[in-house]
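Enquirer: Got a predicted model here, sequence first, then my questions.
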Amino acid sequence: MTIIPNLPCVVHSTVILPGSHVQITLQNSIASDLLKLFNNKNEYDPKIYQMLNEQYPLTKNDSSVTPTNYFFGIIPQGGACNMGCLCRVLTFKKTVNDTETTLILRSLVRIQIETPLLNADNIIWKSNVTISNVIDTLNITSMEQLKPIILDVLKLTESLETTVNEFNITYRRALKRTTDEHFLLLSPLTNTLFFQLNSSQLKKNWKKVIQLRKDVTNEILINENSGKISNLQLMKLLSLLDNVVAMIPTPHMDKIHFLNTTQLQERILAFSNVVNGFINIFTELYSTTEYIKKYYANATIIEKTNLIANQLRSLKYYVNDVKGKPYIPGDSSSKKIVYMGSTTNSNNNEYIDDDNDEDGEVDDDLINIKKFIKSVKELGIHVDAMSMLTKDFHKLKKMHGYQHNAEYQLLRNYFDVIIDIPFGKYSGKDMTINLNKSRKTLNEDHFGLVVVKQRLLEYLSVLKLNQILNNQVNDKSNNSSSIGRPPILLLVGPPGVGKTSIAKSVAKVLNRKYQRISLGGIYNESDLRGHRRTYVGAMCGSIIDAIRKSGTMNPLILLDELDKVSTMNSRNSSRSNGDPEGALLEILDFEQNFSFMDHYVGFPVDISQVLFLCTANDSSTISGPLLDRLEIIKIPGYTMEEKIQIGSKFLLPKQIKMNGFNRIPHGDFKLTSKAWSDLVSGYTREAGVRNLERKLASIVRGKIVEYIKNVETQGTSTKVAIFKTRVHENDLYKYLGFPLPSINDELLVDVKYESKVGLVNGLSYNSSGTGGVLMFEIVKTGSLKSGHGNRTNNMITDGPSIKCTGNLGETLEESIKIATSLVESMINRNIIKGVNETMVHKFLSSKYHIHAPMGGVPKDGPSAGMAITLAMLSILLQLPIDRDICMTGEITLRGKVLPIGGLKEKMLGAKMNGMKRILVPIGNRNDVFSVITDDIDNIDERRYESITENDDRQSLMQTRQIVDAQLLYDKVGLKLTYVNDIYDAMLAIWPSLLFKTPVDTTHHVESCDSNKITSKM
């Protein structure tokens, strides 16, 4: 088996079989590209084709001026297989009309093309090919096996020769006036066969077939060598088959089938079918001629006259074709003109009638296209469209009558797409906007999501204002100044919080058509922007396609999973198929999308009135320029109370209705409040409600099973009452099994002989969008060895030694170092009262091990800084931290506690894990409000303004503490404590702790009075 890498390949209408000289024509551009490729050493490896030149050398029948290393593959058009033929170029020459180039080739051997482009007309591509050799697959080893096959082949070729010779004799005899066989000449098939079978090329090929037949007879049948057969003898047999099939005029698909055969038995069968089918043509031809003779002999004069008249009319049709004149059917007043000559004739325009738009079904489509082009300006289409569409329409019109032409079909498909774009059509244009009704619809369909609803109501308010102003001035125009610009929203949140489903509700409220485009896994710019029409199978992009399907120019298009778009790699290397995020930059930009360019459409399309709604789980994977074009609305996970509200008001009724349980008595069962609480806390631990809906579906199915059992037990009546119309917490196990195990709950359980100090509960934000408790354990593992560190007054000054485990990231390890340095700084400054030298020496001279449980889960981030610092202080002071207290906040070397992200999710996770009190940075007060309520109308603005104007930060924090703590406790059930620095956190945990006033060293620095400095200057 021989593999040829990167062989140039083309598709051609001729089926080429190995072992013959073939003449084909290619367009000048294709032939020129092929010749350039042959001469380019980077594209056409001379070493490989030198090997082919040695394996398939020139023969005495080849031209002496032939290039020695031009090889390429040809695959037949219309074939559904990957078989082709390896050919050697003998001569290039241009045709008379100078538009095509003739190639004289010698076909060599069958090849199997790895990547065939079966519909790639007029395209050169390169592919790895494998030389197909039937001999390698033969199981024939003796003459006894091969002899019957050879005899059948020789018999078929002899029968073919006899049939052709008899036909030539009969045809020449029919040419004589004295014979009665002239009816044979009335058939176009008879004349076509005679001229094909008597062409000079076929006669040469026939001589070659006769010689091959003699060689097979003499070398294989007569001169048998000990019963064995050689590969050369088998090759001559196979060459005989190929030359016979290539020589005779047979149907295109029969030759393709013969080319695709790779087994000897299969090829012999295909050969037999081709030859017998060709012989049967002559049998049917003679039978048809006899039928005509009998009909003519018994026909009346009128019947004979009509027969002759029809024959003459047909002949006149083809005579005009040969002369290059148009044929005008019917009377002279008809306007339909069909030109039968070459379409490349420069005088064709004089035969084109622009008024032939009312004849035939096909012309109706042309009329529609023509009307559409005339209405381009009225529909508000870009000015560039007129010239482009007009040019393509003239091309289509010239090709009318040649519907089989591939370019004709491409143009028809293109115009079908363009006409389908709903230019000038807008939905909801005359809708009377009612904000109260819209707000009610949104609230009925979705619970929460107040920020999203508020933004949409703002947009509706803008549209309502424009309606009021237009009615006042009686302005019914559609100018851009009276059309509100739709927002482009990006909803970011964990799965299952309602990002995708709210899009349908928004479309319903705005009275717009809804279309969804999933961006997950898109890696090609053409998926969004469309393919250029030069490519095979080109189509418009998904944006234009969504507009076509919606039927309006202002639908709501949901771009789902925006963060899953496949972009360029981290090295920013260029890609041949483009970057889909680059296309989104134009689509989602108001300053550009009014002239969005789809490659297939070819002219700018205004998509500025499309309402784009995007969703994402993680905005960090979206590029900065793209985020800059979007209004980002973050949707956090639901609290337990919110999940219960969504489950009871939306999900449970939905599942009851979907399963048909609402159509039976007492089908609308309920869950008790305790059952809801246990279901949400014990069986679902996610930010969204998808898993909650699955659990509710399981409960509904369980109730249906109970109902069916009751029906079967008590009878077939569907009016049997269900015994329990409410599901209690004890019933959950029956429907759902055991609740989910909680690793965090296990971590919070006391351990025998454990040290109470050094344990602290931090908070984490998980990749799934949920929060949880992250425990840190610090234990003393020993003392530093003698001689370790520098001693000053018998104290080690550079301890302690700390080992970290638990799959910690770099940022988290840095937080541990910062916490260690902060505690050492507090010791050196002697801030904490009650800390003696013994405690300090013990802390600084010890080895500690810090561990974060659940080591299989990677952990990173700065938000555990405050928790780690307090754990170390717990070790230093030997004071435990309450197990129901959790905290979050980034720590600095000065002891400042900085705000962090994901606070709502962390609070929900703390509540789910049984925490009762939480320490939060004062800078996260706005996030606390988002947990309390996402409705800005519920915030007391006067109280908020008054406390923001307070300059005393400690008083400010205490005031906020009183206001927010009660609200948070009522909402989530957590006691809140704001902290500004580590000292606030220490006092919150250990209220009896006292601090010393540190020594003020600022008096050693000269005061920098800006006025004095300015005067000196």
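Expert: Nice, thanks for sending it over. Note that the structure is a prediction, hence the values are computed from the model and not measured.

Enquirer: what mean pLDDT would you report for stretch 629-642?
Expert: On average, the pLDDT along stretch 629-642 is 83.

Enquirer: What's the end-to-end length of that stretch?
Expert: Using C-alpha to C-alpha, to the nearest Å, the end-to-end distance of stretch 629-642 comes out at 31 Å.

Enquirer: Run through the helices of the stretch 101-250 of the chain in chain order.
Expert: Shown for the stretch 101-250 of the chain, the helices assigned by DSSP state H, counting those that start in this stretch span residues 143-174, 188-197, 200-216, 231-247.

Enquirer: what's the angle between the first one and helix 231-247?
Expert: When axes from the mean of the first three to the mean of the last three C-alpha atoms, to 10 degrees is applied, the directions of helix 143-174 and helix 231-247 differ by 30 degrees.

Enquirer: So which other helices or strands are in contact with helix 143-174?
Expert: The helices and strands touching helix 143-174, judged by 3 or more C-beta pairs under 8 Å, 6 or more residues apart in numbering; DSSP states H and E, are helix 188-197, helix 200-216, helix 231-247, helix 264-298. Where you see a C-beta, it was placed from the backbone N, CA and C, and this is true even at glycine.

Enquirer: Against residue 539, how distant is the spatially most central residue of the chain?
Expert: Residue closest to the average C-alpha location in the chain (C-alpha atoms, centre = their mean): residue 522, at 3.4 Å. Remark: distance between residue 522 and residue 539 (C-beta to C-beta, to the nearest Å) = 15 Å.

Enquirer: cool, residue 492 as well?
Expert: Counting by C-beta to C-beta, the gap from residue 492 to residue 539 is 31 Å.

Enquirer: Which one of the two is surrounded by more residues?
Expert: residue 492 (24 against 17; other C-beta atoms under 10 Å).

Enquirer: Which one, of the helices and strands packed on helix 143-174, ends up nearest to residue 656?
Expert: helix 264-298 (61.9 Å; C-beta to C-beta).

Enquirer: Does anything pack onto the closest one? Which helices or strands?
Expert: Helix 264-298 sits against helix 143-174, helix 188-197, helix 231-247, helix 252-260, with contacts defined as 3+ C-beta pairs under 8 Å, 6+ apart.

Enquirer: residues in contact with the shortest one?
Expert: Put plainly, it is helix 252-260. With contacts defined as C-beta atoms under 8 Å, 6 or more residues apart in numbering, helix 252-260 is touched by 15, 17, 76, 78-79, 81, 83-85, 110, 245-246, 267, 270-271, 273-274, 277.

Enquirer: Show me which of the residues you listed are buried.
Expert: 15, 17, 76, 79, 81, 83-85, 110, 245-246, 267, 270-271, 274 (16 or more other C-beta atoms under 10 Å).

Enquirer: Closest one to residue 869 out of those, please.
Expert: For these, the closest approach to residue 869 (C-beta to C-beta) belongs to residue 81, at 72.5 Å.

Enquirer: wait, what's in contact with the closest one?
Expert: 116, 256, 260 are the contacts of residue 81 under C-beta under 8 Å, 6+ apart.

Enquirer: With mean pLDDT and distance to residue 393 as new columns, can the helices and strands packed on helix 143-174 be given to me in TSV?
Expert: Converted to TSV, the helices and strands packed on helix 143-174 look like this (pLDDT from 0 to 100; distance: least, C-beta to C-beta, whole Å):
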stretch	mean pLDDT	distance to residue 393
helix 188-197	86	36
helix 200-216	84	43
helix 231-247	85	43
helix 264-298	88	43
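
Enquirer: tally of neighbours for residue 460?
Expert: The number of residues near residue 460, taken as other C-beta under 10 Å, comes to 19.

Enquirer: same question, the one 5 residues further on
Expert: Residues near residue 465, counting by other C-beta under 10 Å, number 13.

Enquirer: doesn't it fall inside a helix?
Expert: Yes - using DSSP: H, G, I helix; E, B strand; the rest coil, the assignment for residue 465 is a helix.

Enquirer: circling back: tell me the most buried of the helices of the stretch 101-250 of the chain?
Expert: Across the helices of the stretch 101-250 of the chain, averaging neighbours per residue (mean count of other C-beta atoms under 10 Å) puts helix 231-247 on top, at a mean of 20.

Enquirer: isn't residue 982 right next to residue 893, touching?
Expert: No - at 10.6 Å, residue 982 does not count as touching residue 893 under the criterion of C-beta atoms under 8 Å.

Enquirer: So which of those two has more stuff around it?
Expert: More crowded of residue 982 and residue 893, by other C-beta under 10 Å: residue 982, with 24 against 11.

Enquirer: any idea how far the more buried one is from residue 147?
Expert: Note on residue 982: its distance to residue 147, by C-beta to C-beta, is 101 Å.

Enquirer: and if you look at residue 239?
Expert: 18 Å.

Enquirer: what does residue 769 give?
Expert: The value you get for residue 769 to residue 147, if C-beta to C-beta is used, is 77 Å.

Enquirer: repeat for residue 40
Expert: Residue 40 is 50 Å from residue 147, by C-beta to C-beta.

Enquirer: Ok, residue 684 next?
Expert: Between residue 684 and residue 147 the computed distance is 78 Å (C-beta to C-beta).

Enquirer: And residue 554, by the same measure?
Expert: Taken as C-beta to C-beta, the span from residue 554 to residue 147 is 79 Å.

Enquirer: ok, now residue 760?
Expert: 93 Å.

Enquirer: Including distance to residue 33, could the helices and strands packed on helix 143-174 go into TSV?
Expert: Below are those laid out as TSV (distance: least, C-beta to C-beta, whole Å):
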stretch	distance to residue 33
helix 188-197	32
helix 200-216	28
helix 231-247	27
helix 264-298	34
